[in-house]
Structures are given as structure tokens and as C-alpha cells.
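> Take a look and give me a structure for this.
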Amino acid sequence: MNPNSLKGQPALVTGANSGIGYAVAKALAAAGAPVVVNYVTDPAAAERAVDEIRTAGGEAMAIRADVSKEDEVQAMFRKMFDAYGTIHILVNNAGLQRDARFVDMTLHDWEFVLSVNLTGQFLCAREAVREFLRRGVVPEVSCAAGKILCMSSVHEIIPWAGHVNYAASKGGVMLLMKSLAQELAPHRIRVNSICPGAIRTPINTAAWSTPEALSQLLILIPYGRIGEPEDIGRAAVWLASDESDYVNGTSLYIDGGMTLFPGFSTNG
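Numbering: from 1, shown residues only. Next comes the predicted model:
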């Protein structure tokens with residue numbers, strides 16, 4: 001990985017104090033980007049993430065903001081601009097689950113998941129795009145005016161019973177991303193999605209923390225291993241770099257083949 005491929009390109013990663021978000025923040029920083037580690041809970045974890053990035057030679061700062069709140073998102077961007085001057089890379093990673101059978105799902109749990117997973121991506125993308133358009137392309141930094149990575153999921157295309165609110169939010173992310181990519185391409189702004197499958201993070205510990213659970217999970221993964229957060233971080237660096245400059249409006253599935261309908265591998 002080129003340690004300078006993102007040099008001089010400030011990046012904001014939402015929900016970056018643990019799991020996939022932290023791995024992405026660390027990878028972007030290793031490639032030279034000054035990184036904002038956004039968080040909404042557990043400030044100590046956010047500061048640990050910042051310290052680890054700095055110890056490795058990177059530049060980072062933590063900013064608290066609830067991405068579902070317009071005023072907090074706008075305040076976060078102002079703080080970022082005060083510190084780093086601009087933004088070149090937005091990774092819309094913040095997301096959560098509130099699972100239930102559909103008939104038991106409350107309106108609050110539906111709205112809460114949609115507000116963070118989908119509205120949060122809209123609010124952050126809008127602030128980033130406003131800055132991209134204001135600043136334009138800086139050729140000596142990047143051939144694009146800005147890059148947005150939407151953290152989606154294999155469940156933007158795989159239905160998920162018992163998780164209707166989550167799956168609906170990720171389906172929405174897919175068309176948010178594609179519509180933004182279509183609209184913003186003439187301005188040299190690229191928008192893509194990363195769609196993780198099963199990744200070893202705290203949000204899904206129950207799915208991999210015992211041999212029995214892991215065995216059941218691997219039935220769904222033809223490649224035969226669970227993903228690691230670093231798998232996502234490496235992909236994020238590539239999508240944020242000029243090496244992927246002709247990639248726009250694409251969902252990149254990082255899932256070990258989970259979207260290959262593994263149930264049909266023995267002819268159904």
C-alpha cells in the first residue's frame with residue numbers, strides 16, 4: 001500500500017472508534033490522510049484510536065457528533081475545516097442494528113435505524129459535497145474533487161428476515177450512492193459503496209465467537225473464512241485513491257462470496 005497515496009487529503013470516517021470504522025481510519029492514515037475519527041459514544045475508545053494512529057506516524061483527531069442530527073453534523077464539519085482546512089474523503093461508516101421480528105418491531109426501532117444508517121449518510125454527504133464543489137479539483141493533490149465511500153452491506157441485495165429495518169436502510173444506501181454518483185460525476189466527485197459480508201467486529205460477536213457459531217456462519221461463505229476489518233480498510237484506501245479514478249457508482253462486495261448464493265453450490 002503506497003504510504004503517500006492519500007497525502008494531503010483530509011478524511012472523515014464516521015463511527016470510527018471501533019470495528020470497521022477504526023480499521024478504515026487507520027488504513028487511510030497509513031496512506032497519508034489526516035483523519036477525523038467521528039464517534040457518538042465511548043470517547044475513550046475514540047481517543048485510543050487517535051493515539052494509535054499518531055503512534056504509527058499518522059495524523060488524527062476525534063470529533064463527537066450524532067450523524068442523524070443536522071446541527072451536530074454541521075458543527076463536526078466546521079471543526080474539521082478549522083483543523084484541516086477542507087475535506088477530500090468522506091467514509092460514511094456509522095451504522096447500527098435494532099433487530100426484531102417484523103410484527104414486534106417498534107416504530108422507534110424502525111426510525112432509529114433509518115435515521116442513523118441512511119439519513120446520517122445523507123447529512124454527511126451533503127456537507128462534504130458542498131465543500132467539494134466550493135474547492136474543486138486540486139490537481140497536485142488528487143484528480144478528483146472529492147471521494148465519498150458509503151458503507152453499505154451485502155444486505156443491500158440479500159433480504160434479511162428479522163432485520164427488516166437494517167436491510168431497508170442498506171437498500172436505501174445503495175440508491176443514495178448511485179444517484180449521487182450520477183449527479184456529481186460531472187463535478188469530478190466519485191461516490192462508491194463498500195458492502196461487507198461477515199466481518200469479525202463487536203457488532204456481530206455472537207456469529208463468530210464460538211466454534212459452533214463460526215461453523216454455521218462459514219456455510220454462508222464460500223471462501224471459507226470470516227472477514228477481518230483490515231480487509232475493508234485496504235479496499236477503502238484503493239477506492240479513495242487516484243488508482244480507482246474511473247470507478248464511480250459501484251458497490252464493491254467484500255464478502256468471501258456470500259453474495260454468490262452458496263446454497264446453490266450443490267445444485268440447490
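> count of residues packed around the residue nearest to Q121 when sequence neighbours are not counted?
Spatial nearest neighbour of Q121, excluding adjacent residues (C-beta to C-beta, 6 or more residues apart in numbering): N92 at 4.2 Å. For the C-beta atoms, the positions are set from N, CA and C on the backbone; glycine is no exception. Neighbourhood size, N92 [other C-beta atoms under 10 Å]: 30.
> Next up, the contacts around N92.
Counting by C-beta atoms under 8 Å, 6 or more residues apart in numbering, N92 makes contact with 14, 120-121, 124-125, 148-151, 173.
> Filter those residues down to just the ones in strands.
Among the contacts of N92, the members found in strands (DSSP state E) are 148-151.
> quick one, phi psi at the residue nearest to Q121?
Main-chain dihedrals, N92, degrees, to the nearest 10: phi -80, psi 80.
> For it, give the beta-bridge partners.
C150 (DSSP bridges).
> Pull out the buried members of the ones in strands among the contacts of N92.
148-151 (16 or more other C-beta atoms under 10 Å).
> Relative to H108, which of the residues you listed is nearest.
H108 has its nearest neighbour among those in M151, at 23.2 Å by C-beta to C-beta.
> what's the closest non-adjacent residue to the closest one?
Nearest one to M151, counting by C-beta to C-beta, 6+ apart, is N93 at 4.2 Å.
> my read: the one you found touches A16, true?
Yes - between N93 and A16 there is a contact at 6.5 Å, judged by C-beta atoms under 8 Å.
> between the two, what contacts are shared?
V24.
> For the two, indicate the residue with more neighbours.
Legend: neighbour count by other C-beta under 10 Å for N93 and A16, higher for A16 (32 against 28).
> host element of that one?
Using DSSP states H and E, A16 sits in no helix or strand.
> correct me, but it touches A46?
Yes - the criterion here is C-beta under 8 Å, and A16 meets it with A46 at 7.5 Å.
> Show me whatever sits in contact with both of these two.
Joint contacts of A16 and A46 (C-beta under 8 Å, 6+ apart) are 37, 39.
> can you pull out the helices in the stretch 1-150 of the chain?
19-30, 43-55, 70-84, 107-114, 120-135 (DSSP state H, counting those that start in this stretch).
> okay if I get the ones you listed as JSON lines plus mean pLDDT, distance to A100 and mean neighbour count?
Formatted as JSON lines, the helices of the stretch 1-150 of the chain follow (pLDDT from 0 to 100; distance: least, C-beta to C-beta, whole Å; neighbours: other C-beta atoms under 10 Å):
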{"stretch": "helix 19-30", "mean pLDDT": "98", "distance to A100": "22", "mean neighbour count": "26"}
{"stretch": "helix 43-55", "mean pLDDT": "98", "distance to A100": "27", "mean neighbour count": "16"}
{"stretch": "helix 70-84", "mean pLDDT": "98", "distance to A100": "27", "mean neighbour count": "16"}
{"stretch": "helix 107-114", "mean pLDDT": "98", "distance to A100": "6", "mean neighbour count": "15"}
{"stretch": "helix 120-135", "mean pLDDT": "99", "distance to A100": "21", "mean neighbour count": "20"}
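> so which of these comes closest to P10?
Smallest distance to P10 across those (C-beta to C-beta): 3.9 Å, for helix 70-84.
> Can you spell out which helices and strands pack onto the closest one?
strand 11-13, strand 35-39, strand 60-64, helix 120-135 (3 or more C-beta pairs under 8 Å, 6 or more residues apart in numbering; DSSP states H and E).
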